[in-house]
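Trainee: Fold the following for me, if possible:
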Amino acid sequence: MADDAEKTEEPTQKKIDDAKKEGNVPRSQDASGFLTLAVAVGATFGLMGFIHDRLDKLYIYYHSMMGTELTKTVVFDIGFNSLKELLFMIIPLASIVALSGIIAGALQFGFNFTLKPIEPKLSKMDPIKGFGKLFSMKKLVEGIKITAKVAVIFGTAFYFLLEFTKELSTVINFSLIMQLEWLRDKVIILVAVMLALLFILGIIDLLIVRYQYFKDLMMSKQEIKDEYKNMEGDPQVKARIKRVQMEMAQKRMMQDIPSADVIITNPTHYSVAIRYDKTKENAPRIVAKGVDHLALKIREIGRENLIQIVENPPLARELYKSCDIDTTIPDTLYKAVAEVLAFVYQAKNKKL
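Mentor: Numbering: from 1, shown residues only. Got it, this is the predicted structure:
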């Protein structure tokens, strides 16, 4: 029993799916943050021309308003046009960044829309549990991770900024244009270094998060047994299994129809296909049976394979009710079936 209680087994797909429904997914904030920041930087550079055009337009508008008396209407127009141009510049960038955040999450665990995490629960309001979570080992590890990441990022940024300051004594003698170009180059270098560092931290965090996620979902042998029993008892699962079994049995039955010697029918409802191989069987065997649509399908396959179809409503109904597929006919029906087979064999010049 002690061994069963130990969580030594990998989580089942059902356990993972149930966790996703509850909003419990392996989400790495660092990986998402890196992708979002990288897209934001790329979008900013990509939209630089567009932003420049909007700023030019705004500058021309301001210049045209010089000397105009500042009435309430004029102030409103200036505020409205300024806000409009600002939104034109911000909305494309914000939309791209927001979309990148959604994609970053989807790349980690797929699209998983659920309202479970924000559903009101009384257990979430328990101050004792909340206090316990605040000082849990998981929170301690998260705190150490955040402190280490901040130290690495700020330490790296400080190192490069310190190196850049060593060039200031030379840069101060440059022209204004060259100074701006120097500043631009250093900003690009710093951004590239920060992105590379965040990429490495994101990969490490993603691996840690996924490892911890699947470790937390580990199951004991007893849990797997209980889950399997519950699934077996689920009416929907049972119905699905039964449906699949029926489909497979029906498919096999249809494949066996061409081997039949005769199909006995009630013209409107029943069809029963019978095979008799004296070298292998002691009695005729039912290879297929069906009613209504399935009966029509059996007759259709029989005609395609040139199998004799005999109309005998009483015998067809009795065979359908008293015989299962792939079983021999009962002794009580042997004489009636033998007469039908004799007629078929005589028509084919065979001997019973």
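
Trainee: CA only for contacts and neighbour counts going forward, please
Mentor: Noted.

Trainee: got any ranges where the stretch 1-150 of the chain has weak pLDDT?
Mentor: Applying pLDDT under 70 to the stretch 1-150 of the chain flags the ranges 1-5, 110-138.

Trainee: how about the helices in it?
Mentor: For the stretch 1-150 of the chain, the helices defined by DSSP state H, counting those that start in this stretch occupy 2-5, 13-21, 29-46, 48-64, 72-109, 127-134, 137-165.

Trainee: Need those in TSV (columns: mean neighbour count and distance to R243).
Mentor: Formatted as TSV, these follow (neighbours: other CA atoms under 10 Å; distance: least, CA to CA, whole Å):
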stretch	mean neighbour count	distance to R243
helix 2-5	10	34
helix 13-21	14	21
helix 29-46	18	43
helix 48-64	13	59
helix 72-109	14	32
helix 127-134	11	46
helix 137-165	13	46
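
Trainee: Mind checking these for the one nearest to G302?
Mentor: With CA to CA as the criterion, G302 lies closest to helix 13-21 of these, at 44.0 Å.

Trainee: Spit out the contact partners of I172.
Mentor: By CA atoms under 8 Å, 6 or more residues apart in numbering, the residues touching I172 are Q179.

Trainee: Show me what counts as buried in stretch 256-268.
Mentor: Across stretch 256-268, burial judged by 16 or more other CA atoms under 10 Å covers D256, I257, P258, S259, A260, D261, V262, I263, I264, T265, N266, P267.

Trainee: mean confidence for that stretch?
Mentor: For stretch 256-268, mean pLDDT is 87.

Trainee: Repeat that for stretch 282-296.
Mentor: The model assigns stretch 282-296 a mean pLDDT of 89.

Trainee: Extract the CA atoms of that stretch and return them as PDB.
Mentor: Extracted C-alpha coordinates of stretch 282-296, given in PDB (Å, rounded to 0.1, in the frame of the first residue of the first chain):
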ATOM      1  CA  ASN A 282     -20.900 -29.400 -39.200                       C
ATOM      2  CA  ALA A 283     -23.800 -27.100 -39.800                       C
ATOM      3  CA  PRO A 284     -24.600 -23.900 -41.700                       C
ATOM      4  CA  ARG A 285     -23.300 -20.700 -40.100                       C
ATOM      5  CA  ILE A 286     -24.800 -17.200 -39.900                       C
ATOM      6  CA  VAL A 287     -22.200 -14.800 -41.400                       C
ATOM      7  CA  ALA A 288     -24.400 -11.700 -41.400                       C
ATOM      8  CA  LYS A 289     -27.900 -10.500 -40.400                       C
ATOM      9  CA  GLY A 290     -29.700  -7.200 -40.300                       C
ATOM     10  CA  VAL A 291     -33.000  -5.300 -40.400                       C
ATOM     11  CA  ASP A 292     -34.300  -2.400 -42.500                       C
ATOM     12  CA  HIS A 293     -31.300  -0.300 -43.800                       C
ATOM     13  CA  LEU A 294     -28.700  -2.900 -42.800                       C
ATOM     14  CA  ALA A 295     -30.900  -5.700 -44.500                       C
ATOM     15  CA  LEU A 296     -30.900  -3.700 -47.700                       C
END
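
Trainee: What lies in contact with it?
Mentor: 253-254, 256-257, 260, 268-277, 298, 320, 323-329, 334, 337.

Trainee: what about burial for those, which qualify?
Mentor: Applying 16+ other CA under 10 Å to the contacts of stretch 282-296 flags 253-254, 256-257, 260, 269-276, 298, 320, 323, 325-326, 328-329, 337 as buried.

Trainee: Can you list which of these are found in strands?
Mentor: Among the buried ones among the contacts of stretch 282-296, the members falling in strands (DSSP state E) are Y270, S271, V272, A273, I274, R275.

Trainee: Mind putting the residues you listed into TSV with distance to S100?
Mentor: TSV is the format used below for those (distance: CA to CA, whole Å):
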residue	distance to S100
Y270	61
S271	61
V272	62
A273	62
I274	65
R275	65
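
Trainee: Greatest separation within these: which pair is it?
Mentor: Y270 and R275 (16.9 Å).

Trainee: So Y61 versus F199, what's the distance?
Mentor: Applying CA to CA, to the nearest Å, the value for Y61 to F199 is 42 Å.

Trainee: before we move on, what about L161?
Mentor: The value you get for L161 to F199, if CA to CA is used, is 20 Å.

Trainee: got it, and L296?
Mentor: 65 Å.

Trainee: any idea which helix is longest in the protein?
Mentor: If you go by DSSP state H, the chain has its longest helix at helix 176-216.

Trainee: Show me what that helix is packed against.
Mentor: helix 29-46, helix 137-165 (3 or more CA pairs under 8 Å, 6 or more residues apart in numbering; DSSP states H and E).

Trainee: Report the angle between the last one and helix 176-216.
Mentor: Angular relation of helix 137-165 and helix 176-216 on a 0 to 180 degree scale: 160 degrees, by axes from the mean of the first three to the mean of the last three CA atoms, to 10 degrees.

Trainee: okay, the angle between helix 137-165 and helix 29-46?
Mentor: 40 degrees.

Trainee: Now E85. Nearest residue, chain neighbours left out?
Mentor: R54 (6.5 Å; CA to CA, 6 or more residues apart in numbering).

Trainee: and the one you found, what does it touch?
Mentor: So R54 contacts E85, F88, M89 (CA under 8 Å, 6+ apart).

Trainee: any idea how far it is from F45?
Mentor: Distance check for R54 against F45: by CA to CA, it reads 15 Å.

Trainee: Also V272?
Mentor: For V272, the distance to F45 - CA to CA - is 75 Å.
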